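# Whatever this is, show me its structure:
(one chain, ligands or ions: 1)
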Amino acid sequence: MTLNKMNSASLEARHVSLSYGATEVLRDITLKIEPGEFFALLGPSGSGKSTLLRLIAGFNQHQRGELLVDGQDITGVPPHARNIGMVFQSYALWPHMNVWDNVAFGLVERRESRDAIRRKVGAALELVGLADYAKRRPGQLSGGQQQRVALARTVVIEPKLLLLDEPLSNLDKNLRVQMRDELKRLQRTLGLTTIFVTHDQEEAMTTADRMAVLDGGVLQQVGPATGLFDEPVNRFVAGFVGTANLLEGRVQAVEAGGTVRFDAQGIGPLHLPAAGLAGPVPGPGAAAMAFRPHHVLLQARGAAAEPGRLWLDATVESAEFLGEFSRYRLRVGEATVVADQPHYAGHPVLATGTPVRVGIAPAQVRFLSH
Ligand code: ADP
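Numbers count the residues shown, from 1 in each chain. Coordinates of the predicted model:
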């Protein structure tokens, strides 16, 4: 590949805010993305992800704060002068041009030499595995191939940053997984700083080096997938990155002997060893006790309880068989706990109404006060 690997840039947002009329869509965003990083902007629909991406591309303007590429403020620089490549969700290929001409377009516009164009377009098509498709029109390609053309067309101009808006959402599930791997390979090959928008946590977790979780235009947390999954800073991140049980209640003071008393709504007082938890115990007050469904053990009421776990009587409310595991919704007092249990042939899925016990390991519990 002869595309330049060295021009990858950093991106920094400092206290960036953007409003449409009275609606604040991005609120005080501060974020640094390092050269060569594969970075995801993750959040539910309407959280401001695309607005932030378009802001970086230059299609939106922020009212407050600074946006820097390699330390240079790019506020006011028009999109075409930013040297930032963006792949749109719709791919936006020209239907009347063949693959080669679609990919060559940006280079022709930049008046590059015929030789350079031939070399670069050839290399870009090679990179995305479409060297044999140069003469086809976009309409004669599958969705995945069209996306590869859109990628080739964008990286061929050797941008400093690559922006991808929901790059996989138009593809069916199998192709999505395959393109996920291909995107990663392409990104690594080029070493290109890449920022992609997605509402799909699995996509962000499997692809990105680090991600930023957005909600309501506010940056909630930034980090690698494992960091966000294991150490969410608030209820939103705990519930959005993976699935979480969030039992609401109040943390009471840590009692003598290092035991935390948590008064769980609908359940009652629970006692856990403060030193053995996954995170620090917040001061007394409202909090959620957070733990993952796959960390909950299910047992028959009469079975010998493994020591060290918090055991609570429960009743199966519903069960979903998902193949590898079954997801149970369980009634515990007036609260609901979700438990994922690995499935083995010959083990029946428990019926609604079955009395059971749930075992929660304190080492996997974290209290969240936000
Ligand atoms: P996401 O990409 O996370 O789905 P968007 O960035 O597209 O979210 O939108 C964030 C919010 O900004 C939404 O509430 C949306 O309705 C609003 N919004 C986006 N574009 C405009 C616009 N051009 N004018 C007014 N409101 C907009």
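# Just give the closest residue to L107, not the sequence neighbours.
Of all residues not flanking L107 in the chain, I117 sits nearest, at 4.7 Å (Cβ to Cβ, 6 or more residues apart in numbering). Any C-beta I mention is one placed from the backbone N, CA and C, and that applies to glycine too.
# Surely that neighbour touches A104?
Yes: counting by Cβ atoms under 8 Å, I117 does reach A104; the two are 5.4 Å apart.
# Please say which of the two ends up with more neighbours.
Each of I117 and A104 has its neighbours counted (other Cβ atoms under 10 Å); A104 has more, 24 against 20.
# Relative to the ligand, how far out is the closest residue to that one other than its chain neighbours?
Residue nearest to A104 in three dimensions, not counting chain neighbours: V121, with 4.8 Å by Cβ to Cβ, 6+ apart. Taking Cβ to the nearest ligand atom, to the nearest Å as the measure, V121 falls 31 Å from the ligand.
# After the one helix or strand V121 maps to, heading C-terminal, what element do we hit next?
Using DSSP states H and E, V121 sits in helix 114-127. Using DSSP H and E, the next helix or strand after helix 114-127 towards the C-terminus is helix 143-155.
# Just give me how far the helix holding V121 sits from the chain centre.
Put simply, helix 114-127 sits 33 Å off its chain's centre (Cα atoms, centre = their mean, to the nearest Å).
# Am I right that N174 sits in a helix?
Yes: assigned with DSSP: H, G, I helix; E, B strand; the rest coil, N174 falls within a helix.
# which parts of the stretch 51-200 of the chain sit against the ligand?
T51 (Cβ under 6 Å from any ligand atom).
# And stretch 135-147, end to end?
With Cα to Cα, to the nearest Å as the measure, stretch 135-147 spans 16 Å from end to end.
# need the helices for the stretch 1-150 of the chain, in chain order.
Here the stretch 1-150 of the chain has its helices, by DSSP state H, counting those that start in this stretch, at 49-57, 99-109, 114-127, 143-155.
# Among those, which comes closest to R250?
helix 49-57 (34.2 Å; Cβ to Cβ).
# now the helix or strand of the chain with the lowest mean pLDDT, how far from the centre of its chain.
Least confident helix or strand of the chain, by mean pLDDT, DSSP states H and E, is helix 173-190 with a mean of 87. Taking Cα atoms, centre = their mean, one finds helix 173-190 lying 15 Å from the centre of the chain it belongs to.
# for stretch 269-278, same thing?
With Cα atoms, centre = their mean, you get 30 Å for stretch 269-278.
# what's near enough to touch L246?
235, 238-239, 288-290, 368 (Cβ atoms under 8 Å, 6 or more residues apart in numbering).
# Check L312 too.
L312 touches 267, 270, 332-333, 337, 357-358, 360, counting by Cβ under 8 Å, 6+ apart.
# One more: G144?
Here G144 is in contact with 171, 175, 178-179 (Cβ under 8 Å, 6+ apart).
# got the residues you listed as CSV, with neighbour count columns?
Compiled in CSV, those are given as follows (neighbours: other Cβ atoms under 10 Å):
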residue, neighbour count
L171, 18
L175, 17
Q178, 13
M179, 21
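# hang on, the earlier thing: who does the least confident helix or strand of the chain touch, helix- and strand-wise?
With contacts taken as 3 or more Cβ pairs under 8 Å, 6 or more residues apart in numbering; DSSP states H and E, helix 173-190 sits against helix 114-127, helix 143-155, strand 161-165, helix 201-207.
# Now do the buried residues in that helix.
175-176, 179-180, 182-184, 186-187, 190 (16 or more other Cβ atoms under 10 Å).
# that older thread, for the helix holding V121, the averaged confidence score.
Helix 114-127 shows a mean pLDDT of 94.
# Give me the residues contacting that helix.
Taking Cβ under 8 Å, 6+ apart as the rule, helix 114-127 contacts 1-3, 99-100, 103-104, 107-108, 112, 131, 133-134, 152-153, 155-156, 186, 189-190.
# any weak-confidence spans in the chain?
In the predicted model of the chain, residues 1-6 satisfy pLDDT under 70.
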